[in-house]
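> structure for this input, please:
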Amino acid sequence: MAKRVFLIVLDSFGIGAEPDAGQFGDAGTNTLAAIAKDSHFKADTLRKLGLFNIEGVSCGQREEAPVGSFARLQEASMGKDTTIGHWEIAGVESPKPLPTFPNGFPQELLEEFTRVTGRGVLCNKPYSGTDVIRDYGEESMKTGKVIVYTSADSVFQIAANEAVVPIDELYDICAKARELLKGDVGVGRVIARPFEGDCAANFQRTPRRHDYSLQPPRATMLDAISAAGRQVIAVGKIHDIFAGQGVTETIRTSGNTDGLRVTRQLLDRDFTGLAFVNLVDFDMLYGHRRNVPGYAAATAEFDSFLPEFMAGMQPEDVLMITADHGCDPSYLKTTDHTREYVPYLIYGQGVQPGVDLGTRLGFGTIANTVCDALGICAQLDGKSVWNEVKR
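Numbers count the residues shown, from 1 in each chain. Next comes the predicted model:
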C-alpha cells in the first residue's frame, strides 16, 4: 500500500483525437504529435516511463524496457474542459456538458449582475483573453465597467484593470457572479482576469487570476481521501476546480516552474495521502495561444524535473502523470481545447515496470487507482488498475 501519491496533471497534454472528436470539431488533433516535431521538445524521462509505448502513440521513440506502467485514457464525460476533465479524474463523470454561451450571456443575467455588483458590463462575447483587454481595456478604465467574456468552455470571465477595480473588489464581484450563475446558466467556472497598464499598447494580465468553480455534483476522490483521515494537498488551481471540496491544504502557484518547485518541496515533507498538482501553463500560455515551441519547451522543463524527483521518492511513494483534455497548439481552426485521449503513467518502487494497460474508458480509472493504492474504499466512476500494476 502506498503512503503518498503524487498526481501531476499536465493541463491539456492530449495524445491524439478520440473517436468522437469530430462531434467536438476536433478531428485529427494530436497535442503530443504537434509538439514532438519541435526543436524545443525533450521527453527523455517521459520516454523511459513509457509515454511513447502507449497504445496509439506513433510519434517519438518507444522504450524497450519502460520503468513505469502506462495507459491511454478515453474521456467518458461529454465535454473537453478543465472542470469536467478534473472531476472525471477524481471519479465523477458528467453525462451532460456544462452550459456554454457562444452568443453571449442573457441580458437579464447581466442586468442582475450589474444590480448586485454596481458595475456595468462591456463585451459579452466569446473572446481571446489577451485580445479582449486590448479591445475593451481603455473603455473599461474610462467608464468603470468590467469586461465580461466567455469562450468555447463553460466560463464567465471578468476582466478589470487593477488600478480601477482593486483586486479585492474584483474577487468580490466574481463571488457574487458565482452565486448568480446556477441552474441553466451554471457555468463551470467564474474567472477573475485582472490586468494592468494604462493603454492598449501595454495592457497585460497580472498573476492574480482566481477561479470560482461549481462544486462537484457528488463526492470525489478528494472527499474519500480526506474522510479517511489522509491529506489532500491541492497545488496550483486544484482547489479552485473543486471549489475546495475535499481539500485539506491549498498551495497556489504562479505557473509551471513554481508548481514544480512546490511539488519538489512536498517530496521532502512527511504527509500521508495525495498531492494533487495542476501545471496550468501547458494550457493557458501555450495551448490556447497556439504556441508550439512554448508548449514543447514546457514539456522539456517538466521532463528535466523528473529525474531528481523520481530519485527522491520514498519506497511507499507513487507518481502518476496524466492530463485533463487536449489543446493542440498546431490546430488553427480554433483556439479551444481539443477532444483527445490522455496519457496515464504510473511509477514507484511498489509499481511493476512495463505494464501496458492499453486503452481504458474513463479518467475515473485514476481516481479508483489512487484510492486503491492508498487503501481507501470509495464509490467512484471508473475502474482501478492498481491490482494490475502493483508489485
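> all helices of this protein, in order?
Residue ranges of the helices in the chain, as given by DSSP state H, are 31-36, 44-49, 82-89, 107-117, 129-143, 167-180, 221-227, 238-241, 256-267, 281, 292-312, 364-374, 386-389.
> most packed of those helices?
Across the helices of the chain, the average number of neighbours (mean count of other CB atoms under 10 Å) peaks for helix 82-89, which reaches a mean of 28. C-betas here are computed from N, CA, C, even on glycine.
> which helices and strands does that one pack with?
strand 4-10, helix 238-241, helix 364-374 (3 or more CB pairs under 8 Å, 6 or more residues apart in numbering; DSSP states H and E).
> now the second one, how far from the centre of its chain.
Think helix 238-241. 9 Å (CA atoms, centre = their mean, to the nearest Å).
> check which helices and strands that helix is in contact with.
So helix 238-241, by 3+ CB pairs under 8 Å, 6+ apart, packs with helix 82-89, strand 210-213, strand 273-279.
> run through who's touching stretch 202-212.
Outside stretch 202-212, the residues that touch it by CB atoms under 8 Å, 6 or more residues apart in numbering are 129-130, 133-134, 137, 161-162, 167, 171, 174-175, 177-178, 189-197, 237, 240-241, 243, 254-255.
> buried residues, that stretch. List them.
For stretch 202-212, the neighbour count (16 or more other CB atoms under 10 Å) marks Phe203, Arg205, Arg209, His210, Asp211, Tyr212 as buried.
> distance to Ala152 added to these, as TSV?
Formatted as TSV, the buried residues of stretch 202-212 follow (distance: CB to CB, whole Å):
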residue	distance to Ala152
Phe203	23
Arg205	19
Arg209	19
His210	21
Asp211	17
Tyr212	19
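> residues contacting Lys333?
The contact partners of Lys333, taken as CB under 8 Å, 6+ apart, are Gly25.
> from Arg290, how far off is it?
Look at Lys333 and Arg290: by CB to CB, to the nearest Å, they are 10 Å apart.
> now Val121
Val121 sits 28 Å away from Arg290, going by CB to CB.
> more crowded one of these two?
Val121 (21 against 17; other CB atoms under 10 Å).
> ends of stretch 140-147, how far apart?
Its start and end residues considered, stretch 140-147 measures 7 Å (CA to CA, to the nearest Å).
> who is Leu10 paired with across the strands?
Counting by DSSP bridges, Leu10 forms beta bridges with Leu279.
> local confidence estimate at Pro207?
The confidence metric pLDDT takes the value 88 at Pro207.
> what backbone torsions are found at it?
Backbone torsions of Pro207, given as degrees, to the nearest 10, read phi -80, psi 10.
> same check, this time on Val385
Val385 adopts backbone torsions of phi -120, psi 10, taken as degrees, to the nearest 10.
> who's in contact with it?
Ser69, Ala71, Ile346, Leu357, Arg360, Thr365, Thr369.
> show only the entries of those residues found in strands.
Counting by DSSP state E, the part of the contacts of Val385 found in strands is Ser69, Ala71, Ile346, Leu357, Arg360.
> the residues you listed, buried ones only, as a PyMOL selection?
In PyMOL syntax, the buried subset of the ones in strands among the contacts of Val385 is picked out as below (16+ other CB under 10 Å):
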select buried, resi 69+71+346+357+360
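> and the ones in strands among the contacts of Val385 as CSV, adding distance to Trp87 and pLDDT?
Shown next, in CSV, are the ones in strands among the contacts of Val385 (distance: CB to CB, whole Å; pLDDT from 0 to 100):
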residue, distance to Trp87, pLDDT
Ser69, 24, 98
Ala71, 19, 98
Ile346, 21, 99
Leu357, 22, 98
Arg360, 17, 98
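> which one of the ones in strands among the contacts of Val385 sits closest to Lys37?
Nearest to Lys37 among the ones in strands among the contacts of Val385 is Ala71, at 24.2 Å by CB to CB.
> give the bridge partners for the spatially closest residue to Val165 that is not a sequence neighbour, please.
With CB to CB, 6 or more residues apart in numbering as the criterion, Val165 has its nearest non-adjacent residue at 6.4 Å, and that residue is Val146. Under DSSP bridges, the beta-bridge partners of Val146 are Val121.
> okay, Val146: pLDDT?
Val146 is given a pLDDT of 98.
> how close does it get to Ala192?
10 Å.
> among the two, which residue is more densely surrounded?
Higher neighbour count among Val146 and Ala192: Val146, with 28 against 23, using other CB under 10 Å.
> is that one in contact with Val121, as I believe?
Yes: the pair Val146 / Val121 is scored as a contact, 6.4 Å apart, by CB atoms under 8 Å.
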